[in-house]
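Q: Fold the following and give me the result.
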Amino acid sequence: MFLAGDAAHVHTPAGGRGLNTGVQDAHNLGWKLADGSEELLDSYEDERLPVAADVLGISTELFDRGVMDRGNPALRQLGVNYRSSKLSVDTGVNPGALRAGDRAPDGYIGMIATDPGDVRQ
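A: Down below sits the predicted model:
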């Protein structure tokens, strides 16, 4: 049995991370269920439990303080990674800043320049 979303981790609405966490849980579990590999399915809890624990800690802290600090970078969850997952293996000799298990970086859209003083993204 696998639990995802609010069934897996109930916390206060402070910080507004419940839906995002549930969607991340479902995405992580969905592709693993589609593959059906026991090794992949076994990695679900190892990968998602630390994320849920972080969200629970943040939302509890915000609730206790009575503050909805939307500026807190931890609420954006852009630092979530699975570097410690048994599925994340760096095979390079000198891994760079981007490592196996990291969130994919934002893509580059490109620049449009009509003249040197007019640059837009």
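
Q: Which residue ranges of the protein form strands?
A: 112-115, 118-120 (DSSP state E).

Q: mean pLDDT for these: which is lowest?
A: Note on these: lowest mean pLDDT is at strand 118-120, with a mean of 51.

Q: how far away is the residue nearest the centre of the chain from Met1?
A: Central residue of the chain (C-alpha atoms, centre = their mean): Val80, 3.8 Å from the mean position. In this view, Val80 and Met1 are 24 Å apart by C-beta to C-beta, to the nearest Å. Any C-beta I mention is one placed from the backbone N, CA and C, and that applies to glycine too.

Q: Tyr82 now?
A: 22 Å.

Q: Which one's more surrounded, those two?
A: Tyr82 (20 against 2; other C-beta atoms under 10 Å).

Q: now for the helix ranked longest in the chain, which elements pack on it?
A: The longest helix of the chain (DSSP state H) is helix 38-65. Counting contacts by 3 or more C-beta pairs under 8 Å, 6 or more residues apart in numbering; DSSP states H and E, helix 38-65 is packed against helix 18-35.

Q: Quick check: mean pLDDT of the helix it packs on?
A: 87.

Q: Likewise for stretch 104-111?
A: 72.

Q: Now it: buried residues?
A: Within stretch 104-111, no residue is scored as buried using 16 or more other C-beta atoms under 10 Å.

Q: next one: it to chain centre, how far?
A: Stretch 104-111 sits 18 Å away from the centroid of its parent chain (C-alpha atoms, centre = their mean, to the nearest Å).

Q: do the same with stretch 40-56
A: Using C-alpha atoms, centre = their mean, the offset of stretch 40-56 from its chain centre is 10 Å.

Q: Over to stretch 11-25?
A: 11 Å.

Q: got a list of contacts for it?
A: 4-6, 8-9, 48, 51-52, 55-56, 58-60, 62-63, 68, 72, 75, 77, 80 (C-beta atoms under 8 Å, 6 or more residues apart in numbering).

Q: pull the CA atoms of that stretch into CSV?
A: What follows is stretch 11-25, C-alpha atoms only, in CSV (Å, rounded to 0.1, in the frame of the first residue of the first chain):
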residue,chain,number,x,y,z
HIS,A,11,-0.2,19.3,8.5
THR,A,12,-1.6,22.8,9.0
PRO,A,13,-2.4,24.9,6.0
ALA,A,14,0.3,27.4,7.1
GLY,A,15,2.6,28.0,4.2
GLY,A,16,0.2,26.5,1.6
ARG,A,17,2.4,23.5,0.7
GLY,A,18,-0.2,20.7,1.0
LEU,A,19,-1.4,20.5,-2.5
ASN,A,20,2.1,20.9,-4.0
THR,A,21,3.4,18.2,-1.8
GLY,A,22,0.6,15.9,-2.7
VAL,A,23,1.1,16.5,-6.4
GLN,A,24,4.8,15.8,-6.0
ASP,A,25,4.0,12.6,-4.1
